[in-house]
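J.: Give me the fold of what follows.
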Amino acid sequence: MSALVVLLTGCGGAPDPAPEGAGWTYTDGTGEEISLPERPVRVVAYSGVASALWDYGFEVVGVFGPVETAGGGRDPQIGDVDLDRVDVISQTYGEMSIEALAAAEPDLIITKAYDDLDWYLPEGATDQIEAVAPLLRVQINGVSAEQQLADHLDLAVALGADPESDRVAEARDDFEAALAELDTATEARPGLRVVAVSAAPDNFFVANAAAGGELGLYADHGVSLPETGAPDTDQFEQLSWEEADTYPADLLLQDARPGRTTLEELADEPLWRDLPAVEAGQVGDWATETPFSYADYAGIVRALASDIEAAEPLDH
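T.: Residues are numbered from 1 along each chain as shown. You can find the predicted model right below:
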């Protein structure tokens, strides 16, 4: 877990301003210690992280990463961030204007990290970025969804959010209630085979629950997901369309990220239509890359519970 080394909290409320000279220190998900003279106020963050922080009451001043979909709608990763009140630094992977970043005058920059990969930041530009403000990395690989949820809340608290606020308490309670609904659904459908995929006209990827994330959370609550042939560190196993039935599914979950092939588009693919779960109408959305906030996770857990309750075992 990311550790707050100096947590400047008042009794039962939001953290108080740091005493003069006390400073602010935080150890991020890569083990790097970030130290500042005082708690950062102006923060620029990757959109998915910014969304979680916003849900907990900490408002960033700038974002980079997915914000709008190709159709002009809001990308799910930006959540409830008020785009009229933040600077959008960049939406294109690997591209960022250092001048635009500096213009936001951040005290701290936050991104996700996949091992040594700084998500959405330009390759080779780390020194230029850190010349603007310290870079804090939230490690994704090898960290469970429940740990990520706790880490994002810890980070929000370190930045000044109130862990005892009604919004935080209600979000956590709703998440626990959603998990209870998932437990009830899986107990009522023991062994129901669920397969999460990212299917497109030219490829067919099966998600690997062993890699963790929300699928690991689902498996911990009784969802029967396949053991794929992919290494535990890989998010997917790539199959050909002719191998699409390698893992029999009673319920198929299709990657619902913006820009991915929709269920309507897949309806034109004969090999998709022939899958038993598709023929039975037992197909749902897989909301991968959901921001790690309890409010958002309550929604995706509850949706899965509903899909499982509505599904029946199929003959294969």
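
J.: number of nearby residues for residue 26?
T.: 24 (other CB atoms under 10 Å). To be clear about C-beta, it is placed using only N, CA and C from the backbone, and glycine gets the same treatment.

J.: Are we agreed that it is in a strand?
T.: Yes: looking at residue 26 with DSSP: H, G, I helix; E, B strand; the rest coil, it is inside a strand.

J.: Distance from the chain centre to the lengthiest helix in the chain, please.
T.: Among the segments of the chain that qualify as a helix by DSSP state H, the longest is helix 166-188. Chain-centre distance of helix 166-188: 18 Å, with CA atoms, centre = their mean, to the nearest Å.

J.: Alpha carbons only: can I get that helix in PDB?
T.: The C-alpha coordinates for helix 166-188 follow below in PDB (Å, rounded to 0.1, in the frame of the first residue of the first chain):
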ATOM      1  CA  ASP A 166     -20.300  11.500   4.500                       C
ATOM      2  CA  ARG A 167     -19.300  11.100   0.800                       C
ATOM      3  CA  VAL A 168     -16.500   8.700   1.700                       C
ATOM      4  CA  ALA A 169     -18.500   6.700   4.200                       C
ATOM      5  CA  GLU A 170     -21.500   6.400   1.800                       C
ATOM      6  CA  ALA A 171     -19.300   5.300  -1.100                       C
ATOM      7  CA  ARG A 172     -17.600   2.600   1.000                       C
ATOM      8  CA  ASP A 173     -20.900   1.400   2.400                       C
ATOM      9  CA  ASP A 174     -22.300   1.200  -1.100                       C
ATOM     10  CA  PHE A 175     -19.300  -0.700  -2.300                       C
ATOM     11  CA  GLU A 176     -19.700  -3.300   0.500                       C
ATOM     12  CA  ALA A 177     -23.400  -3.600  -0.300                       C
ATOM     13  CA  ALA A 178     -22.600  -4.200  -3.900                       C
ATOM     14  CA  LEU A 179     -20.100  -6.900  -3.000                       C
ATOM     15  CA  ALA A 180     -22.800  -8.600  -0.800                       C
ATOM     16  CA  GLU A 181     -25.100  -8.500  -3.900                       C
ATOM     17  CA  LEU A 182     -22.300 -10.200  -5.900                       C
ATOM     18  CA  ASP A 183     -21.900 -12.800  -3.200                       C
ATOM     19  CA  THR A 184     -25.600 -13.600  -3.300                       C
ATOM     20  CA  ALA A 185     -25.600 -13.800  -7.100                       C
ATOM     21  CA  THR A 186     -22.700 -16.200  -7.300                       C
ATOM     22  CA  GLU A 187     -24.100 -18.400  -4.500                       C
ATOM     23  CA  ALA A 188     -27.300 -18.700  -6.500                       C
END
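
J.: and that helix, what does it pack onto?
T.: helix 294-310 (3 or more CB pairs under 8 Å, 6 or more residues apart in numbering; DSSP states H and E).

J.: now the angle from the helix it packs on to helix 166-188?
T.: Relative orientation of helix 294-310 versus helix 166-188 (axes from the mean of the first three to the mean of the last three CA atoms, to 10 degrees): 20 degrees.

J.: could I get stretch 301-314 in CSV with only the CA atoms?
T.: What follows is stretch 301-314, C-alpha atoms only, in CSV (Å, rounded to 0.1, in the frame of the first residue of the first chain):
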residue,chain,number,x,y,z
VAL,A,301,-19.9,-4.8,-9.2
ARG,A,302,-23.6,-4.3,-9.0
ALA,A,303,-24.0,-4.5,-12.8
LEU,A,304,-22.1,-7.8,-12.8
ALA,A,305,-24.2,-9.2,-10.0
SER,A,306,-27.3,-8.4,-12.1
ASP,A,307,-25.9,-10.1,-15.2
ILE,A,308,-25.1,-13.2,-13.2
GLU,A,309,-28.5,-13.3,-11.6
ALA,A,310,-30.1,-13.1,-15.1
ALA,A,311,-27.9,-15.9,-16.6
GLU,A,312,-28.4,-19.6,-16.7
PRO,A,313,-25.9,-22.5,-17.2
LEU,A,314,-25.6,-23.5,-20.9
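
J.: What residues sit buried inside that stretch?
T.: 301-305, 307-308, 311, 314 (16 or more other CB atoms under 10 Å).

J.: Stretch 127-141 too?
T.: By neighbour count on 16+ other CB under 10 Å, the buried set for stretch 127-141 is 129, 132-141.

J.: In the residues you listed, find the pair that's most separated.
T.: 132 and 141 (25.7 Å; CB to CB).

J.: which residue ranges form the helices in the stretch 201-316 of the chain?
T.: Ranges of helices within the stretch 201-316 of the chain are 213-220, 263-266, 270-273, 276-279, 294-310, based on DSSP state H, counting those that start in this stretch.

J.: Quick one: closest of those helices to residue 195.
T.: Smallest distance to residue 195 across those (CB to CB): 7.8 Å, for helix 276-279.
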